[in-house]
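S.K.: I'd like to go over a predicted model; first the sequence, then the structure.
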Amino acid sequence: MSKTRIWEDSLVNAALKHSVQIKENIEHLADTSETQPHEMPNSLVPTDILYNLVACYHILYGILLKQDLTETGNTTIPKNFH
């Protein structure tokens, strides 16, 4: 049986930062306009689908960290990352 491969983390971390930024922006716009993501105007990708994608990515990234399938270095995501 082969050893579990640890993913090269720079692309994963960059995608995480982008997904968190997109998620936070959608949440901020939803809060300020008092709407839900599925009620917001679409971009090239419907907003609710985009929100679900980045939210799932964020959850999956946490699972990768928990199971030691990726290395983080010193990457941290601040609470107010925009």
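M.R.: Yep, it's here. Numbers count the residues shown, from 1 in each chain.
S.K.: could you point out the longest helix in this protein?
M.R.: Ordering each helix of the chain by length in residues (DSSP state H) puts helix 9-33 first.
S.K.: Check which helices and strands that one sits against.
M.R.: helix 47-66 (3 or more Cβ pairs under 8 Å, 6 or more residues apart in numbering; DSSP states H and E). (Glycine included, C-beta is placed from N, CA and C.)
S.K.: Show me which residues of the helix it packs on are buried.
M.R.: Within helix 47-66, the residues that count as buried by 16 or more other Cβ atoms under 10 Å are 47, 50-51, 54-55, 57, 61, 64.
S.K.: CSV for those, including pLDDT?
M.R.: Below are the buried residues of helix 47-66 laid out as CSV (pLDDT from 0 to 100):
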residue, pLDDT
Thr47, 84
Leu50, 84
Tyr51, 85
Val54, 85
Ala55, 84
Tyr57, 84
Tyr61, 81
Leu64, 81
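S.K.: quick one: which of the residues you listed is nearest to Lys23?
M.R.: Lys23 has its nearest neighbour among the buried residues of helix 47-66 in Val54, at 4.5 Å by Cβ to Cβ.
S.K.: Spatially nearest residue to that closest one, not counting backbone neighbours?
M.R.: Closest residue to Val54 apart from its sequence neighbours, by Cβ to Cβ, 6 or more residues apart in numbering: Ser19 at 3.8 Å.
S.K.: check contacts around that neighbour.
M.R.: When the contact criterion is Cβ atoms under 8 Å, 6 or more residues apart in numbering, the partners of Ser19 are 53-54, 57-58.
S.K.: now Val12
M.R.: Residues in contact with Val12, defined by Cβ under 8 Å, 6+ apart, are 61, 64, 70.
S.K.: how near is it to Gly62?
M.R.: Counting by Cβ to Cβ, to the nearest Å, the separation of Val12 from Gly62 is 12 Å.
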